[in-house]
Structures are given as C-alpha cells and as structure tokens.
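Colleague: Fold the following.
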Amino acid sequence: MKHLLLGLFLVTQFSISQQNTAKLNPNSLRIELTNGHWFNGNTFVEKKVWVNNGILSFSKENTQNDTVIDLTGKYVIPPFAEAHNHNLESDYELEKRISAYLDNGVFYVKHLSSIKKRIDPLMHHYNKPNGIDVSLAHAPLTGSGGHPVALRKRFLGYGHFDGLFNTIEEIESHGYFIMDNEDDLKRKWNQVLSFKPNFIKINLLYSEEYVKRKNDTAYFGKKGLDPDLVPAIVAKAHKNNLRVSAHVATAHDFHVAVAAGVHEIAHLPEIHNGQSIALEDAQLAAQRGVVVTTTASLVTKNRKKPNYDELLGNVRSNLKILKEAGVTLAIGSDMYNDSSVGEFQLLHSLNLFSNLELLKMWCENSATTTLPHRKIAFLKEGYEASFLVLDKNPLQQIDDVNKSIKLRVKQGAILD
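Modeller: Here you go, the predicted structure:
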C-alpha cells in the first residue's frame with residue numbers, strides 16, 4: 001500500500017492499472033471520499049461518497065479503491081461555469097486562459113460565437129478530461145450591416161484572419177450569417193447546420209428602431225435581425241433540436257426574444273442605455289424557463305462616463321426585476337480577459353443576491369445552460385464526478401470562494 005500526501009488530503013491505497021481505467025475519463029480513479037460536506041442544492045450535508053468510472057455514487061460502495069481521500073470536514077460543490085465569452089478562438093496566450101479557468105474552478109465555457117475555420121485547429125485543447133469543456137454557436141445570425149459585421153471587418157484589418165480570409169465578403173457565412181428575410185433563412189439554414197453548432201445565436205440590437213437603422217450606414221454594426229423574423233428562426237432551431245441564445249441590447253430586444261420563444265438571453269439588457277425591463281416580459285421569461293446570462297460587469301466599461309453610477313444602479317434594478325420575477329440567472333462575463341470571476345465579484349458587490357443564490361447561479365445555472373444535455377452541475381447519484389473542494393463554507397463566506405479551492409476533480413480525475 002502506498003501513502004501519498006496531496007495538499008491537505010491524505011491519499012491512500014494509490015494504485016492504478018490499465019484494466020481499471022474509466023469509460024468516461026481514462027484518468028478516472030475509483031475514489032472513496034470521507035468526512036466531506038457535500039452541497040445538495042440548499043445546504044451542506046456530511047456524506048461518504050464514491051467515484052467509479054468518473055461517476056458519483058452516494059450509495060454504491062466500491063469493492064476496491066485506487067484512492068481514499070479524507071476531506072477533513074471541507075466543503076464540496078459542483079464546478080463553476082462561464083456562460084458567455086469569446087476568448088477561446090485565438091491561440092494567443094491560450095494555455096494561460098485555459099489555466100485561469102481551471103485554477104478558478106471554471107470547468108465549462110459557453111462560447112457565444114466563433115469562426116469555425118479559426119477555432120477548429122484549437123479544439124484539441126477542449127472537451128478533454130484534463131481541460132475545459134466548451135459549447136459553440138459558431139457564426140451568429142444577424143441582418144445586413146448588423147453586429148458583428150463591423151467587428152469582423154475591424155479584426156480583418158488587424159490581420160487576425162490572415163491565411164483564412166482576404167475580404168469581408170469572404171467572412172460572410174463563416175463569421176456571421178446575414179438573414180434579412182425568410183428566403184434567406186430557407187436558403188442558408190442547411191449551411192448553418194453544416195457547421196454543427198451546439199446552439200444557435202441570434203443578434204438583436206435596437207430592434208425598436210429596426211426600420212430606421214436598416215439602410216442607414218451610420219448604424220453599421222449597431223443593428224441586428226428584423227424582429228419579425230425571429231419567431232421563424234426559433235421555429236427552425238426547434239425542429240433541429242437546437243436551443244437559441246439571443247444577444248440583446250435593449251428592453252425591447254428582450255421583449256422580442258422572449259416572445260419568440262428563445263431559450264436564453266445572452267446579455268442583461270440595457271447595460272449601456274439605462275432603461276428598465278418591463279415586468280411583464282420578466283414574468284413571461286420566468287414562465288417559459290428562459291435563462292438570462294448576466295454580463296453585468298460590462299457596465300464597468302462606462303466607468304469614466306458621468307452617468308456611471310446611474311447605469312450601475314439600473315443594472316442592479318433590472319437584475320432585481322428578473323430575480324423577483326423568478327427568472328433563472330446564469331453568470332457570464334463576455335469579458336475577454338475574464339473567467340467569470342470578475343462577473344461573480346460584481347454581482348456579489350451589488351448586495352442583491354444571497355450567498356446561496358450566487359452559488360447556484362455560478363455552479364448550477366451557468367453549467368446547465370452551457371451544456372444542457374450533460375449530467376453536470378449537481379452532486380447527485382449517477383452524475384459526472386466533477387467537483388471542487390473548498391476549505392470555507394461558501395454559504396457563510398463567498399466573496400473569495402475561488403481562492404478557497406483545495407482540490408479540483410473532473411470526471412473522476414484529480415486535476416491538481
């Protein structure tokens with residue numbers, strides 16, 4: 001019998017053979033975890049837990065364990081997730097970004113748009129046992145001259161697409177799909193599906209001014225889909241068992257998206273404009289199970305504006321409307337150099353959510369909207385054995401929860 005000291009944990013009976021490798025994760029161990037307090041969605045309960053083939057069990061004791069870990073009274077929670085970002089498409093400092101996610105306990109990332117030709121060479125970094133798991137929309141749907149056409153054009157000028165595209169016209173159908181009417185939707189839909197997206201992203205920006213902005217070049221990049229086309233897009237996605245995530249800017253965009261039946265709102269609306277969400281729209285979103293990803297920390301980009309405090313106050317007010325209506329909130333930053341930690345910290349600073357609400361938003365809601373078909377985000381029988389062990393009870397002290405991680409386990413394999 002070998003004795004191995006792993007951080008603060010005493011690990012015993014450590015022996016792994018090829019015959020005992022897991023089906024889910026080839027590095028998975030058969031583990032017995034004792035004296036740990038496990039999060040059950042509301043509180044922490046002391047339990048003995050087993051891991052076999054990368055799966056959790058609270059009742060089926062392993063007949064032989066590779067590893068026994070005494071958790072010495074520490075606290076076990078599901079991993080965190082980042083429900084909105086775009087920072088995994090470039091190889092620039094990619095390992096640093098992946099390490100930042102894992103170091104902070106963020107195992108799952110929802111990538112809201114990407115160019116498939118650009119991200120494909122990097123996919124060997126993702127969706128593997130010792131890395132982060134990602135879901136991808138690839139090219140978003142927008143209107144002529146809409147977001148993100150201007151952004152793609154700017155990046156083309158910076159040389160980000162050298163070797164892939166020479167003109168902005170070549171990027172169309174790779175970096176975005178122009179959908180101005182139902183004929184476009186019918187003609188291009190199979191190409192959208194050919195990229196095998198995990199979900200569909202649509203861009204709604206200032207839809208209340210769609211007619212005004214449609215043909216005005218002054219609004220290049222500051223407009224999106226025809227709001228009347230959105231229900232048809234959602235219906236197409238439903239037929240192909242694809243969820244729809246809507247980028248929104250205004251309260252009216254939020255209204256259009258929720259009324260059309262989208263599954264997710266990718267941004268808190270009115271972050272930069274300072275208007276209120278209609279209560280009836282928030283109530284409808286709750287009734288339909290629509291997830292709203294916060295991205296509230298984007299308001300900090302307005303710090304130098306004289307009305308910053310008003311904008312921050314409006315962000316808090318709209319989050320309160322959503323919370324009180326019962327809308328499911330997920331934590332996502334849309335900040336290139338963040339791993340959803342900064343978003344969590346801003347939400348905590350608003351003094352709007354309890355520690356329990358913040359924990360569930362980051363561990364449960366963010367993960368399930370990122371990878372809705374996986375058995376993750378909960379510490380339940382038969383779920384993936386992915387979890388974080390903390391030396392502090394986050395229901396009592398959550399402000400530095402990511403810094404209190406003592407052990408990271410993904411699909412039954414110890415990452416540390």
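
Colleague: quick one: the helices in the stretch 251-400 of the chain?
Modeller: Remark: helices assigned in the stretch 251-400 of the chain by DSSP state H, counting those that start in this stretch are 251-260, 279-287, 308-325, 341-349, 355-360, 366-370.

Colleague: buried ones in the second one?
Modeller: Okay, so that is helix 279-287. Across helix 279-287, burial judged by 16 or more other C-beta atoms under 10 Å covers Asp281, Ala282, Gln283, Leu284, Ala285, Ala286. Any C-beta I mention is one placed from the backbone N, CA and C, and that applies to glycine too.

Colleague: Just name the most buried of the helices of the stretch 251-400 of the chain.
Modeller: Counting by mean count of other C-beta atoms under 10 Å, helix 366-370 has the highest mean neighbour count of the helices of the stretch 251-400 of the chain, with a mean of 28.

Colleague: Going by contacts, tell me the helices and strands next to that one.
Modeller: With contacts defined as 3 or more C-beta pairs under 8 Å, 6 or more residues apart in numbering; DSSP states H and E, helix 366-370 has these neighbours: strand 80-85, strand 106-111, strand 291-293, strand 328-330.

Colleague: So what's the residue count around Asn307?
Modeller: By other C-beta atoms under 10 Å, the residues close to Asn307 number 11.

Colleague: Enumerate every residue touching it.
Modeller: Gly274 (C-beta atoms under 8 Å, 6 or more residues apart in numbering).

Colleague: Report the central residue of this protein.
Modeller: Residue closest to the mean C-alpha point of the chain, counted by C-alpha atoms, centre = their mean, is Ala83 at 1.6 Å.

Colleague: The nearest residue to that one once chain neighbours are set aside: neighbouring residues, count only.
Modeller: The shortest distance from Ala83 to any non-neighbouring residue, by C-beta to C-beta, 6 or more residues apart in numbering, is to Gly332 (3.4 Å). The tally of other residues near Gly332 (other C-beta under 10 Å) stands at 31.

Colleague: again with Ser276
Modeller: Ser276 is flanked by 13 other residues according to other C-beta under 10 Å.

Colleague: again with Leu112
Modeller: 25.

Colleague: Run a quick check on it versus Ile202, I expect a contact.
Modeller: No: using C-beta atoms under 8 Å, Leu112 and Ile202 do not qualify as a contacting pair, with a distance of 10.8 Å.

Colleague: still on that earlier bit, I'd like to know how far the residue nearest to the centre of the chain sits from Thr295.
Modeller: Distance, Ala83 to Thr295, using C-beta to C-beta, to the nearest Å: 9 Å.
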